[in-house]
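# Next come a sequence and a model predicted from it.
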Amino acid sequence: MALIEMTAAGLYCRAGDFHIDPWRPVPCAVLTHAHADHARAGSARYIAASEGLELLRLRLGSLAPIEGRAYGERFDLGSARVSLHPAGHILGSAQVRIEADGEVWVVTGDYKRDPDPTCAPFEPVRCDVLVTEATFALPVYRWPPAERVALEVLAWWDACVRERIPAVLCCYALGKAQRLLAELARLTDRPVHLHGAMAALVDAYRQAGVPMLPTRPVSDAPRGRDFAGELILAPPSAAGTPWMRRFRDASLGFASGWMQVRGHRRRRGYDLGFVLSDHADWPGLLATVHDSGARRVLAMHGDADAFVRHLRESGIDAAALRSDFARDEGSA
Amino acid sequence: MRAFAELYAAFDRSTATSAKLAALRRWLAAADSGDAAWGVHLLAGARLSRVLAPAQLKRLAAESAGLPDWLVDECHAHVGDLAETVALLAVAANPDPDHAPAAGLADWVRRIVRLRTVDEHQRAAIVRGWIEALGPSERFVLLKLLTGALRVGVSRGLVVRAIAEHAGLPPARVAERLAGDWSPSAAAFDALVAPDETAAADTARPVPFCLASGLDQPVEALGERDAWLAEWKWDGIRAQIVRGTAGAWLWSRGDEALDGRFPEIEQAARAMPPGVVLDGELLAWRGDGPLPFARLQRRVNRRRPGATLLAECPVRFLAYDLLREHDRDLRAQPLRDRRARLERLLADAPPAIGLSPILAAEDWAGLRALRETARAHGVEGLMLKRLDSSYRPGRRRGDWWKWKLDPLTVDAVLVYAQAGRGRRAGLHTDYTFALWDRDALLPVAKAYSGLDDAEIVRLDRWIRAHTVERFGPVRRVEPVQVFELAFEGVQRSSRHRSGIAVRFPRILRWRHDKPAAEADRLETLRAIAGGG
């Protein structure tokens, strides 16, 4: 019998009577991380990795009933033995390991295999059945090293300094922004300006001890301030809004795994794309399947059909799991 | 090629014309004449003849990356660009781009051309070696050269402007020198940028075309009817006949030489005195009216037409402008005078070259009534040209207007979708639409344009969630969504399952209000197509 099944509210474990990242209110929700399409308000009880509690409180409210668990700590829910393991996606992100009826299942949530100075590295977990994300499940997605991407960002910033124009870099407010600030902190100590939606999240990372470039809210700048030569981080939703008007003649960049494909960047009208993702690339997905030792793989998010077929041709039982998670390209 | 790859990347990342122009000028200033010649030629839209078929390139990527062919196809459908797909998939044998073979663009073109002398297996092996050794940006540009046109969002006009600024010449002069089948070489580039007096006029080449804009205001806003010349808007191929001392040449608007395809026109042109350039329209023609465009298309496809095709698809050139006579440039003269000269010149021309007739309606109302009869005449509508206008290159508003007939429309059901290419990569933007035939939906048209970006994204989500079946990159979707389609004409066609072919179909709007059952029926189109 399946330890985890897909229900109207999302992934559900009958043995433990809990949901994982449900998109409707439920009695007990185990959360893999604090992105909005995974952490939704209204459930009666939340369990998540302790490292991510601050971020979850920012998302779900300070009074939300959230319990923290250390990575690797085993706890019982119903007849299931559960533990959380680092997923390397963002601060506090976790894979969920479930053991019941003599079987082990792992739900990866979103994850990446590449090093990230802002969170604990992905930990391979052995299991019988692996439920993996498959956002970038084609071999065209192979990430360049983040240090090289950080150098590209810095070179672009320097070019904007020379041209006396602002450099506005769009990136997801939670995870990507902090990773960029941490990667860049190894190369420079210049301050960065932040869109209002990012300030509290950056503070939460700072309190967690993540070293990042100094930051200033754009809203603190006096009226008419000239941002020429400055780097500004903004969520993708800010592009094209009146907020952008203050950055006259700005060069507009976007940091995302989707920038690997030119069409994605050109369609959105960004001047420059930086290939930086918090998700697993194709080799990362295959390595994870291999490391898990799973005899069966269920793939969710994205267009997993090619990935599933490829696994099957490699002799691994695989299927796609349909889900309602938003395919938010900005979060990738 | 590093410099050219950087230029390509600069175009790719900028949408601003000024930035593209600056990048072009920087590159022109640094490139040697041979590289510059090829760069200009390729940026202006030229392509190298193919040395590897797309399937061979995919095979090469599959072998380099150790992937099955179907997975490379999936990637291609996702990325929407073959060159980019291969560039992303091929492994790097030498990841350090500093060790990649250094050669200029002209050297690379020579290498590619030389590939034709070896057999196909060797070609693939050689190309794979190149690709695996090159850094990402050069690898991509090399693959672009191998797969066809660069298509980097630079207009020919912008290339001309950059060269003109680089050389200190008027853009019109550069455009003229580049027109026709300009052949790239260091010497040709030096001649292109040479000071004005040394340039020899080449009488075989066409003149940059004057282009019309769509009329987007009431026709009365154009002022006095008497100030305008009205003609039919022909549904053929815009072309120029260049009659030089050594012969006669036919050029399409894309500066493509149509040599050999239309011998009856070339023969008729040779009967004219040398030193003439005519602007007009190529049409398939029988008796006193045009044949459908598809007939002309058959002629375009055939480099040396045989007797059967010549008889089945006779063509005619209808001239509407005279740009050169006795080797004298007439473009600065008013259309009124050029037209008078044209009529005198063609007074005793052979029937293969005729005059596009002037429509004599006295007032705008009369013209409007004529326009309503356009479909019956086999034309697209009317052309309005200001009688005192000079002939200016490019699309400049104000002198030439297209006053097209309102399109035909039907409400059709979306039945298949496929991912798009280029900036629409990864989104399902190639749609197939069907109409009801009894109780079945029969595909009648493919359309790629007409929705805005937000609608495209919404429809893409819907398509992914409502796919019934997949055939490779094509998805069959639930027959639910109805769209209003516009098109220019309908013809009977034995090549289509529906028995009809529509011309220039595009989406007018998404009919959220209309259930699929109420979409139009095939009979509607059949009735318009007529002919039993």
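Received it, and whenever you're ready, just let me know what you need.
# Let me see the contact set for residue B:361.
B:230, B:367, B:369-370 (Cβ atoms under 8 Å, 6 or more residues apart in numbering or on different chains). Heads up, the C-betas are built off the backbone N, CA and C, glycines and all.
# try it again with 7 Å
By Cβ atoms under 7 Å, 6 or more residues apart in numbering or on different chains, the residues touching residue B:361 are B:230, B:367, B:370.
# what residues does chain A put near chain B?
For chain A, the contact set with chain B under Cβ under 7 Å from any Cβ of the partner chain comprises A:138-140, A:261-264, A:266-267, A:269, A:271-272, A:306, A:310, A:313.
# and of those, the nearest to residue B:496?
Using Cβ to Cβ, residue A:263 comes nearest to residue B:496 of the residues of chain A next to chain B, at 30.0 Å.
# and the gap between the closest one and residue B:104?
From residue A:263 across to residue B:104, the span is 29 Å (Cβ to Cβ, to the nearest Å).
# Same check on residue B:93?
Counting by Cβ to Cβ, the gap from residue B:93 to residue B:104 is 22 Å.
# Which residue of those two possesses the greater neighbour count?
Ranked by neighbour count (other Cβ atoms under 10 Å in any protein chain shown), residue B:93 and residue B:104 place residue B:104 first, with 19 against 12.
# ok, so what distance separates the more buried one from chain A?
Noted for residue B:104: a distance of 24 Å to chain A, by Cβ to the nearest Cβ, to the nearest Å.
# Put the alpha carbons of stretch B:518-530 into PDB.
Provided in PDB are the C-alpha atoms of stretch B:518-530 (Å, rounded to 0.1, in the frame of the first residue of the first chain):
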ATOM      1  CA  GLU B 518     -21.400  26.700 -31.000                       C
ATOM      2  CA  ALA B 519     -18.200  27.100 -33.000                       C
ATOM      3  CA  ASP B 520     -18.600  27.500 -36.800                       C
ATOM      4  CA  ARG B 521     -19.100  24.700 -39.200                       C
ATOM      5  CA  LEU B 522     -16.900  23.700 -42.100                       C
ATOM      6  CA  GLU B 523     -19.800  24.500 -44.600                       C
ATOM      7  CA  THR B 524     -19.300  28.200 -43.700                       C
ATOM      8  CA  LEU B 525     -15.800  28.100 -45.100                       C
ATOM      9  CA  ARG B 526     -16.700  25.800 -48.000                       C
ATOM     10  CA  ALA B 527     -19.300  28.300 -49.000                       C
ATOM     11  CA  ILE B 528     -16.800  31.200 -49.100                       C
ATOM     12  CA  ALA B 529     -14.300  29.100 -51.100                       C
ATOM     13  CA  GLY B 530     -17.100  28.400 -53.600                       C
END
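# for that stretch, the distance to its chain's centre please.
30 Å (Cα atoms, centre = their mean, to the nearest Å).
# Run a quick neighbour tally on the residue nearest to residue B:328 when sequence neighbours are not counted.
Spatial nearest neighbour of residue B:328, chain neighbours left out: residue B:275 (7.5 Å); criterion: Cβ to Cβ, 6 or more residues apart in numbering or on different chains. By other Cβ under 10 Å, 15 other residues sit near residue B:275.
# Would you quantify the distance from residue B:275 to residue B:268?
16 Å.
# sorry, back to before: OK, contacts around the residue nearest to residue B:328?
Listed by Cβ under 7 Å, 6+ apart, the contact partners of residue B:275 are B:324-327.
# give me the element the closest residue to chain B within chain A is part of.
For chain A and chain B, the shortest gap (Cβ to the nearest Cβ) falls at residue A:263, measuring 2.8 Å. Per DSSP states H and E, residue A:263 falls inside helix A:262-268.
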